[in-house]
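1. Got a predicted structure here, sequence first:
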Amino acid sequence: MADEDKSQPGSPKRREKARERGQVVRSRELPSALALLVVALVLRWGQSGWVPVWRDLLRHLLAASGRSDMRMVTPLLNWTAWGVIRWSAPAMAAAWGIALFGMVAQTGFVFSPKAIELSFSRFNPVNNVSRIFSFGGLSPLLKSLIPLAFLAYLGASILLREWHQVLHSSQRGLRGEMTWLFVLLYEFSSKGGMVLLTWSGVDYALQKINYERSLRMSKQELREEGKDAEGNPQTKSRIKRKRREMRRKQMLQRVARATVVITNPTEYAVALEYIPEKMGAPLVVAKGRGLLAQKIKREARWYEIPIMENVALAQALYRTVEVGDTIPAKLYTAVAEVLAFIYRAQANLRAEQERRRAASGSAGVASSAGPAGSAGAGTGAPPR
């Protein structure tokens, strides 16, 4: 796909994959700049502590120089090595620590096994030569030459400025010469560190621009990545359909708990459950429209649940209340009237059933007492 089509910024998934491959925004000059500045500070603050170190070393060397014993060679080397270590260890440790901090502060701790994976193509001389002399291989070299040129100019300007002092350096004592040399080293380290620090900011900006450009994606790539993340649209729609069917089946099963079903009467159906001893307000256990409304009414007839026709109330309940929620306070009055009507109708029906049972019971008693009375009359004495 053409690069000009990649106008969209990289997605988080692509950025994560790039990080796994070790592709992060990092300026290589920043650790060097911080290390050089730390060395400058160590030269500035640790100058007084180094005088005893070199004095002891020179005393041992001068004391041993007057001897011709070959056994003094090893102690001389040990004294020299120990003196150099005592002099350079603090500066090296501080420089290494601040350089490591500069690397981690830019991108965090990044460990990429893919970036250090060995392959035979990396050891192929032809590929290495072609990569070195390509534009991508020459670009880091050219960027490194820019700060190097500034450092060379800085060193040359300091040397030219102090050239008169260099020519007459033999006329100064050892203490004055060492002090002057440390001042020059401090000046070069501090100014060179500031040059590298400034260039590291420029380099980081360039690295950021190139990094964002390498992560750009086309709209087609974004769509394909979205499909991979979300899955096949057909499978996803099939899963949604199955879930919807399961929810509807569970909702239809809850119709058996309903107290009343309020209908439109043909388009909407809302099933309400209300238990006065347990509920503060009626609960919507099922609702539906169209074919689902017909199924709700069919379930209500099967369980002998009252079905009430109220167009406005059915539409209001369907549009404002979700399944599993209680009805809002503004619908209390309308629902209470429906429930009161249902309770009165059920009470009247129970009373009618009681009267019918009582009437049927009394008729049975009367029919059983009638033959007994006629038998008694037939056996009694005739009137006088």
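-> Cool, got the structure. Numbering: from 1, shown residues only.
2. pLDDT weak spots in the stretch 1-150 of the chain?
-> 1-4, 20, 22, 43-55, 62, 64-73, 103, 105-141 (pLDDT under 70).
3. what about residue 91, neighbour count?
-> Neighbourhood size, residue 91 [other C-beta atoms under 10 Å]: 19. Quick note: C-beta positions are derived from backbone N, CA and C, even for glycine.
4. Let me know the secondary structure of it.
-> When classified by DSSP: H, G, I helix; E, B strand; the rest coil, residue 91 comes out as helix.
5. next one: residue 270
-> With three-state DSSP as the criterion, residue 270 reads strand.
6. ok, it - contacts?
-> If you count contacts by C-beta atoms under 8 Å, 6 or more residues apart in numbering, residue 270 has them with 261, 262, 263, 284, 286, 287, 314, 317, 318, 321.
7. do residue 293 as well
-> Applying C-beta under 8 Å, 6+ apart, the residues near residue 293 are 263, 264, 266, 267, 268, 269.
8. ok, 7 Å please
-> 267, 268, 269 (C-beta atoms under 7 Å, 6 or more residues apart in numbering).
9. Can you report how many residues neighbour the second one?
-> Close neighbours of residue 268, defined as other C-beta under 10 Å, add up to 24.
10. Quick one: the strands in this structure, in order.
-> Using DSSP state E, the strands of the chain run over residues 260-263, 268-273, 283-289, 307-309.
11. Sheet partners, orientation included, of the first one?
-> The reference is to strand 260-263. Sheet pairing here is set by DSSP bridges, and for strand 260-263 it gives strand 268-273 (antiparallel), strand 307-309 (parallel).
12. what's that strand in contact with?
-> Applying C-beta under 7 Å, 6+ apart, the contact partners of strand 260-263 are 269-272, 296-297, 300, 305-310, 313-314, 317, 338-339, 342.
13. buried subset of these?
-> Using 16 or more other C-beta atoms under 10 Å as the burial test, those include 269-272, 296-297, 300, 305-308, 310, 313-314, 317, 338-339, 342 as buried.
14. Could you pull out the helices in this structure for me?
-> 12-20, 29-45, 47-65, 73-107, 125-132, 135-161, 163-167, 174-214, 219-230, 233-253, 291-302, 311-320, 332-379 (DSSP state H).
15. Of those, flag the one that's most buried.
-> helix 29-45 (a mean of 21; mean count of other C-beta atoms under 10 Å).
16. circling back: looking at the contacts of residue 293, which is nearest residue 149?
-> Checking the contacts of residue 293 against residue 149 by C-beta to C-beta gives residue 268 as the nearest, at 81.4 Å.
17. Now do the contacts for the closest one.
-> So residue 268 contacts 289, 293, 314, 315, 318 (C-beta under 7 Å, 6+ apart).
18. again, but for residue 165
-> Listed by C-beta under 7 Å, 6+ apart, the contact partners of residue 165 are residue 180.
19. how close does it sit to residue 184?
-> Here the criterion is C-beta to C-beta, to the nearest Å. By it, residue 165 lies 9 Å from residue 184.
20. Using JSON lines, lay out the contacts of residue 293 together with pLDDT and distance to residue 242.
-> Shown next, in JSON lines, are the contacts of residue 293 (pLDDT from 0 to 100; distance: C-beta to C-beta, whole Å):
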{"residue": "267", "pLDDT": "87", "distance to residue 242": "26"}
{"residue": "268", "pLDDT": "91", "distance to residue 242": "25"}
{"residue": "269", "pLDDT": "93", "distance to residue 242": "23"}
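21. and of the helices of the chain, who's closest to residue 280?
-> Among these, the nearest to residue 280 by C-beta to C-beta is helix 332-379 (10.4 Å).
22. just to revisit the earlier point, same list (the strands of the chain) but as CSV, adding distance to residue 207.
-> Below are those laid out as CSV (distance: least, C-beta to C-beta, whole Å):
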stretch, distance to residue 207
strand 260-263, 67
strand 268-273, 62
strand 283-289, 58
strand 307-309, 72
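23. Figure out which of the ones you listed is closest to residue 180.
-> That would be, of the strands of the chain and by C-beta to C-beta, strand 283-289, which comes in at 91.8 Å.
24. Show residues contacting that closest one.
-> 251-252, 254-255, 257-258, 267-273, 295-296, 317-318, 321, 323, 325-327.
25. how about a cut-off of 8 Å?
-> Contacts of strand 283-289 (C-beta under 8 Å, 6+ apart): 248, 251-252, 254-255, 257-258, 267-274, 295-296, 317-318, 321-327.
26. how much does that strand deviate in direction from helix 291-302?
-> Inter-element angle recorded for strand 283-289 and helix 291-302: 130 degrees (by axes from the mean of the first three to the mean of the last three C-alpha atoms, to 10 degrees).
27. Domain-wise, how is this structure divided?
-> Following automatic domain parsing, the chain resolves into domains at 3-226, 247-352.
28. Out of the strands paired with strand 260-263, which gets nearest to residue 29?
-> Taking the strands paired with strand 260-263 one by one with C-beta to C-beta, strand 268-273 is closest: 70.7 Å.
29. hang on, the earlier thing: I'd like the contacts of residue 268 as CSV, with pLDDT and distance to residue 236 appended.
-> Putting the contacts of residue 268 into CSV (pLDDT from 0 to 100; distance: C-beta to C-beta, whole Å) gives the following:
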residue, pLDDT, distance to residue 236
289, 89, 24
293, 90, 28
314, 91, 33
315, 90, 32
318, 91, 28
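30. of all those residues, which two lie farthest apart?
-> 293 and 315 (11.6 Å).
31. So, low pLDDT: which residues of the stretch 201-350 of the chain?
-> If you take pLDDT under 70 as the line, the stretch 201-350 of the chain has these spans: 226-233, 235.
32. in the contacts of residue 270, which two residues are the furthest apart from each other?
-> Of all pairs in the contacts of residue 270, the most separated under C-beta to C-beta is 263 and 321 at 15.2 Å.
33. The two - which one has more neighbours?
-> A direct count of neighbours by other C-beta under 10 Å for residue 263 and residue 321 places residue 263 higher, at 22 against 19.
34. for that one, which residues make a bridge with it?
-> Here residue 263 sits in beta bridges with residue 269, residue 309, going by DSSP bridges.
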